[in-house]
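Novice: need a structure here:
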Amino acid sequence: MSENLETLGERRLTEQQRTQKIEELKQKLSVLREKADKLKAELNELAEKRDKLNEQFQSLRLEVAQLKKERDKFNETVKRLKQQRDEARAKAQEKRAELRKLSHEIRVLSGKKPPKSPQALKKELEEIEWKIQTTPLDLKEEKKLVEHAGTIKAKLNIYKKLDQLKQKSTELQTEIKALEAKGNLCHEKLEENARKSQEVHKKMLEKINESKKIKSEADALHNLLLQSRERIKPVQEDIMKILNEMARLKMEIREEEEKKRKASEEALREKLKKEVREKLKRGEKLSWEEFQLLTHKENETQD
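Specialist: Residues are numbered from 1 along each chain as shown. Down below sits the predicted model:
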């Protein structure tokens, strides 16, 4: 009997220890969950900052791409204007060479210019032609006048050729001025587009440097995020261990309670059976439930 009491006392003490252990585990679980929640909040904050920086980085990449496209467009314009400028200057140079050659021809021909003016020569030619047409002349005189008229025409041809060369010279000078103007205009536009290209390129480099800085910050936050995730793992593992331990202890308590319940039911059943047997000995009639109780016990014994 004393052994049974001692065993029961130890069992009760074990149950108390289990209950106390569960309470201690609950306190530890509360602390761990608070720590885990804090770490999760830090994780969420880091992830939010990292994602925001990554969005800024992507936005800057798009800006850089747009600026590069704009810069390249200016550079293409510079290239095209440079080609047009060089072509205009080359053509102007050709025209100047042609003008120098023409000027030399004019100087040479001007040295052969007759002393009489074109007007005087024309008047003299008209008088000779009129005389040939209206005056009776012998062959010698007519031949002499025809030869003289031919000489005058040759002299007038010099003036005519000079006029043609001077007209050509004027045209060349006009063309040269137009080509020079075109070359200068192309050069001005070229410099303007080159300046804009440099400005856009400078802005693009600034955006690239800014994007690199933001990417570096985002990568640093990502590494911190990974480190924080590693820090939360053992906490979560400890939480799971505690939950499993609490579940085990609660199961043991339920099993002990179930054993107690069955023992109590068995004790009650034995008590009732004893009463039924005494009633049977007294010759009293048994109820169906009482009969079933005795039959159940006998069957158990036979089994």
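Novice: pLDDT weak spots in the stretch 151-300 of the chain?
Specialist: For the stretch 151-300 of the chain, the stretches flagged by pLDDT under 70 are 286, 290, 293-294, 296-300.
Novice: Tell me the buried residues in stretch 281-288?
Specialist: When neighbours are counted by 16 or more other Cβ atoms under 10 Å, no buried residue of stretch 281-288 is found. Any C-beta I mention is one placed from the backbone N, CA and C, and that applies to glycine too.
Novice: What is the helix or strand hosting residue 95 packed up against?
Specialist: Residue 95 is located in helix 2-111, with elements delineated by DSSP states H and E. With contacts taken as 3 or more Cβ pairs under 8 Å, 6 or more residues apart in numbering; DSSP states H and E, helix 2-111 sits against helix 139-281.
Novice: So which elements touch the helix it packs on?
Specialist: Applying 3+ Cβ pairs under 8 Å, 6+ apart, one finds that helix 139-281 makes contact with helix 2-111, helix 118-134, helix 288-302.
Novice: Now distance to residue 233 too, for those, in CSV please.
Specialist: Shown next, in CSV, are these (distance: least, Cβ to Cβ, whole Å):
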stretch, distance to residue 233
helix 2-111, 10
helix 118-134, 111
helix 288-302, 54
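Novice: how many other residues sit next to residue 190?
Specialist: Neighbours of residue 190 under the rule other Cβ atoms under 10 Å: 19.
Novice: Stretch 188-195: how far from the chain's middle?
Specialist: 29 Å (Cα atoms, centre = their mean, to the nearest Å).
Novice: which other residues reach it?
Specialist: For stretch 188-195, the external contacting residues (Cβ atoms under 8 Å, 6 or more residues apart in numbering) are 74, 77-78, 81-82, 85.
Novice: now residue 114, what's its secondary structure?
Specialist: coil (DSSP: H, G, I helix; E, B strand; the rest coil).
Novice: ok, now how distant is it from residue 123?
Specialist: 14 Å (Cβ to Cβ, to the nearest Å).
Novice: Residue 151 too?
Specialist: Residue 151 is 15 Å from residue 123, by Cβ to Cβ.
Novice: and what of residue 92?
Specialist: Relative to residue 123, and taking Cβ to Cβ, residue 92 is found at 42 Å.
Novice: Between these two, point out the one with more neighbours.
Specialist: The residue with more neighbours, out of residue 92 and residue 123, is residue 92; 19 against 13, by other Cβ under 10 Å.
Novice: Contact partners for the residue nearest to that one when sequence neighbours are not counted?
Specialist: Spatially, and ignoring its direct neighbours in sequence, residue 92 is nearest to residue 179 (3.8 Å; Cβ to Cβ, 6 or more residues apart in numbering). Residues in contact with residue 179, defined by Cβ under 8 Å, 6+ apart, are 88-89, 91-92, 95.
Novice: hang on, the earlier thing: and the helices and strands packed on helix 139-281: which comes nearest residue 211?
Specialist: helix 2-111 (3.9 Å; Cβ to Cβ).
Novice: Pull the distance from that closest one to the chain's centre.
Specialist: 7 Å.
Novice: what's the answer for stretch 211-230, then?
Specialist: For stretch 211-230 - counting by Cα atoms, centre = their mean - the centre lies 19 Å from the chain centre.
Novice: Going forward, count from 42.
Specialist: Sure, I'll start counting at 42 from here, so that last one is stretch 252-271.
Novice: Now do it: everything it contacts.
Specialist: Taking Cβ under 8 Å, 6+ apart as the rule, stretch 252-271 contacts 80, 83-84, 87-88, 90-91, 94-95, 97-98, 101-102, 105.
Novice: Which single one of the residues you listed is nearest to residue 293?
Specialist: residue 80 (31.8 Å).
Novice: re the thing from before, now the angle from the helix holding residue 136 to helix 180-322?
Specialist: On the basis of axes from the mean of the first three to the mean of the last three Cα atoms, to 10 degrees, helix 43-152 is oriented at 180 degrees to helix 180-322.
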